[in-house]
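In: pasting the sequence and the predicted coordinates here, then a few questions.
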Amino acid sequence: MDSPAPGVTLRDISKRFGPQIEAVANLNLELPPGRFTALLGPTGCGKTTVLRMIGGLETPDRGTIEFTPPSPAVGYCFQEPRLLPWRDVQGNVSLPLELARVDRTQRSQAVDSAIKLVQLTDAANRLPGALSGGMRMRTALARTLVSRPQLLLLDEPFGALDEVTRLQLDEELAGLIRNRNVTALLVTHSITEAIFLADQVIVLSSRPAAVMKRFEIDFPVRDAKLRTTSEFASLTGQVYATLQAGMENRA
Amino acid sequence: MSTIGRAWYAIWPPLLIIVLLLSLWQLAVVLLGIPEFLLPAPLKIAAAIGRDPTRLFTAAGRTAIAMLLGFACSATLGVLVGSGLSLVPLARRGIYPLTLLLQMVPLVAIAPMLVVWFGYGKPSVIAAACIVSIFPVIAGTLDGLQSVDPGLRELFRIYGAGRIRTWWLLGFPAALPSIFTGLRIAAGLSVIGAIVGEFVGAFGGDRAPLGAVITSALRQNHTDVVFAAIVLAAMLGFLLFGVVNLVGWASLRRWHASAQ
């Protein structure tokens, strides 16, 4: 049986890179268990730093990050696919399970179902060099999901893809996460992507990152039609205005 | 292009140059009347091989064994030392500059000491082949491991992989192109090491390897035999280089640009 999705609380988090760059200052943030949160903010505002601190890739200078329950299984999807070029799709997806020493039979079942989930069954034996950008990102997504993480950290995973592929992958991701008992945090600078995927959108100010506004999103269905609704357009306008206000304050 | 077609495409230019050079050499010796003890003509060298093929090919076989064992030693130790240095930063800073000594100390100077340490015969010859060829493998391994994509290292950190697992599943495969570059250089050097080792540390007589054949033929002014032994030694080097190249190509061809 799956363990409960964790809640994450960031208290008074600050992070500097050298004397000049204050990436995050006294940030307080709450990721409710089992919910999908999107962090939106202008480029360079420190949102990726927040994600990296939650993932343990950076250590905050001040403040605390609490997980309830502690030490959740983390799945991290980077901006780039970060695939091992000598391993085929199957081999790349199986990596987290190999590192966790999951036995071969269990591993093979989990890998097959993760590959099926991202619709790459026909390309399972292809090397990354023979995949399109979208297929590579799908492989990275399958690798993130294969170990059934309780906390999913997504760092603009589709940012480098063309618009059509990106929208398509957003829809697939919404479907993949919907029925999983998982807490997710997405960092993006696409307003529509944030609103489409998340249960709450948090808009950050320019650097150093601070919370400007929180939007609760409550769409019962997340499919392609959602983007054409007036509610979606209205929410997009509100988030855009908040984001713009933050940028003007900085200027 | 088929595999044979590709191989022929790669081989014919150097083959043509070799044939041209040998023809020029033959012509120069005949036309300029160069004495045989100074520079024997290529056909004379071929005749020397034909005169006593058993002795020369047996000698080449013995040198080949020493060269292969020396190369196996440098390949194994080189990858292990390079990996160890990459895993332990303090060792890297302390020991890596010292491994340069293996490259800097002239082998001809320490070869007699190898005989003192390991005695006459194969062990000292293998040690000479190993010492002279190990540095490129250490340097190649270390360079390869140090150049692993930091993004992939981060991925392994996220999944809580330890140092050894990270080395085995990430570092070693990622460093293979660089390791094979080191091994290619080591292949050529190991034959040089074996021959120099045999100059001072090999037994003579019927069981003499190529290095001992060279020294004994030199003493008797049989320069055609000296050159015949040199040709066979060079062929051993080429053969080992070719095998290493082939294994490298087979390991990397699916994913690395250098083998495609």
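Out: Okay, I see it.
In: part of a helix, is residue A:84?
Out: No - checked against DSSP: H, G, I helix; E, B strand; the rest coil, residue A:84 lies outside a helix; its state is coil.
In: what's the nearest residue to it if we skip its chain neighbours?
Out: Spatial nearest neighbour of residue A:84, excluding adjacent residues (C-beta to C-beta, 6 or more residues apart in numbering or on different chains): residue A:92 at 5.7 Å. Glycine gets a C-beta too; all of them are placed from N, C-alpha and C.
In: what number of residues lie near the one you found?
Out: Per other C-beta atoms under 10 Å in any protein chain shown, the neighbour tally for residue A:92 reads 25.
In: that one: which element?
Out: Using DSSP states H and E, residue A:92 sits within helix A:89-99.
In: now that helix: average pLDDT?
Out: For helix A:89-99, the mean per-residue pLDDT is 96.
In: that one packs against which elements?
Out: helix A:104-117, helix A:133-145 (3 or more C-beta pairs under 8 Å, 6 or more residues apart in numbering or on different chains; DSSP states H and E).
In: what residues are up against residue 80?
Out: I went with chain A, as the question did not name one. Neighbouring residues of residue A:80 by C-beta atoms under 8 Å, 6 or more residues apart in numbering or on different chains: A:160, B:151.
In: was after chain B, sorry
Out: Here residue B:80 is in contact with no residue (C-beta under 8 Å, 6+ apart).
In: how near is it to chain A?
Out: Distance, residue B:80 to chain A, by C-beta to the nearest C-beta, to the nearest Å: 21 Å.
In: on that earlier part again, export the helices and strands packed on helix A:89-99 to CSV and append columns for mean neighbour count, distance to chain B and mean pLDDT.
Out: Converted to CSV, these look like this (neighbours: other C-beta atoms under 10 Å in any protein chain shown; distance: least, C-beta to the nearest C-beta, whole Å; pLDDT from 0 to 100):
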stretch, mean neighbour count, distance to chain B, mean pLDDT
helix A:104-117, 16, 14, 93
helix A:133-145, 23, 9, 93
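In: now render those helices as a markdown table, adding distance to residue B:88.
Out: Output for the helices and strands packed on helix A:89-99, formatted as a markdown table (distance: least, C-beta to C-beta, whole Å):
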| stretch | distance to residue B:88 |
| --- | --- |
| helix A:104-117 | 31 |
| helix A:133-145 | 30 |
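In: residue B:152 sits in which helix or strand?
Out: helix B:150-158.
In: try residue A:26
Out: strand A:21-31.
In: using CSV, write out every CA atom in that strand.
Out: Coordinates of each C-alpha in strand A:21-31 appear next as CSV, following Å, rounded to 0.1, in the frame of the first residue of the first chain:
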residue,chain,number,x,y,z
ILE,A,21,23.1,37.3,-5.3
GLU,A,22,20.3,36.9,-2.8
ALA,A,23,18.2,34.3,-4.4
VAL,A,24,15.6,33.7,-1.6
ALA,A,25,14.9,35.9,1.4
ASN,A,26,12.7,34.8,4.4
LEU,A,27,10.4,32.7,2.2
ASN,A,28,7.5,30.9,3.8
LEU,A,29,5.7,28.3,1.8
GLU,A,30,3.2,25.5,2.4
LEU,A,31,2.8,22.5,0.0
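In: buried sites along it?
Out: Buried residues in strand A:21-31, counted by 16 or more other C-beta atoms under 10 Å in any protein chain shown: A:22-25, A:27, A:29, A:31.
In: what is the end-to-end distance of stretch B:201-212?
Out: 9 Å (C-alpha to C-alpha, to the nearest Å).
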